[in-house]
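Enquirer: Please work out how this folds:
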Amino acid sequence: MSGKKVQWKFFGRRRAFDEVVDSVEKKAREAFGDDLTPEEVEALDPSEFTVAGYEEADAERIGYSDYSYWRSTFKVFWQNKMARYLLIALVALVLFTIVQPYLPNQKPAAKIFDYPDGTVMRNVAPNGEFWFGRYGCTSVKATRTISAISSTLAILFCQNTLNVDLQ
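Expert: Just a heads-up that it's a prediction; the model follows:
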């Protein structure tokens, strides 16, 4: 083993890791010694060092593996409870997005709703017709609510993914 330190970054545990590596290297040198001297190399029996034969049939038989990358990936993904929950939620959201316009009593998304006298409905409090109320011509309070939730989730996702402390 060379005297080089293994360069790993363990977020504050590097010194302890280097001490363990030094200890293992020291014990290995004590047990096995350093490289062989030229005299020791000459004393080795050449019959113990023979070239291994190559059989193509054996290589084909041994080289096959039943391992599937995608099967392994999906298995690990499906074992993660959070990933499974979010996938199911995403599929449900997409299905609802497709089905929602066909549900009864749905209002057209592009239509501007007016009062009977012709004025535009603005700043309508939440009620039975507009569950989240109306703010302005076409936006509803639900838009602001969804924007706030999605922004919060995006920040949390980035924080957890990048291991950033926001304090």
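Enquirer: tell me the domain ranges of the protein?
Expert: Domain assignment of the chain by automatic domain parsing yields the ranges 14-50, 66-106, 108-167.
Enquirer: measure the second one end to end?
Expert: Using C-alpha to C-alpha, to the nearest Å, the gap from the first to the last residue of domain 66-106 comes to 52 Å.
Enquirer: And stretch 68-88, by the same measure?
Expert: End to end - C-alpha to C-alpha - stretch 68-88 spans 24 Å.
Enquirer: Which one of the domains of the chain lies nearest to residue 58?
Expert: Nearest of the domains of the chain to residue 58, taken as C-beta to C-beta: domain 14-50 at 16.9 Å. From N, CA and C alone the C-beta is placed, and that goes for glycine too.
Enquirer: Averaged pLDDT, that closest one. What do you get?
Expert: Domain 14-50 comes out with an average pLDDT of 78.
Enquirer: Can you find the helix or strand of this protein with the lowest average pLDDT?
Expert: helix 56-63 (a mean of 70; mean pLDDT, DSSP states H and E).
Enquirer: going on from it, what's the next piece of helix or strand?
Expert: helix 69-79 (DSSP states H and E).
Enquirer: what's that following helix in contact with?
Expert: Here helix 69-79 makes contact (C-beta atoms under 8 Å, 6 or more residues apart in numbering) with 83-84, 87.
Enquirer: could these go into CSV alongside distance to residue 33 and neighbour count?
Expert: Output for those, formatted as CSV (distance: C-beta to C-beta, whole Å; neighbours: other C-beta atoms under 10 Å):
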residue, distance to residue 33, neighbour count
83, 50, 12
84, 53, 12
87, 56, 13
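Enquirer: Just those residues: which are in helices?
Expert: Using DSSP state H, the subset of those located in helices is 83-84, 87.
Enquirer: Out of those residues, which is nearest to residue 156?
Expert: Checking these against residue 156 by C-beta to C-beta gives residue 83 as the nearest, at 15.8 Å.
Enquirer: quick one: contacts for the closest one?
Expert: By C-beta under 8 Å, 6+ apart, the contact set of residue 83 is residue 77.
Enquirer: go with 10 Å
Expert: Neighbouring residues of residue 83 by C-beta atoms under 10 Å, 6 or more residues apart in numbering: 76-77.
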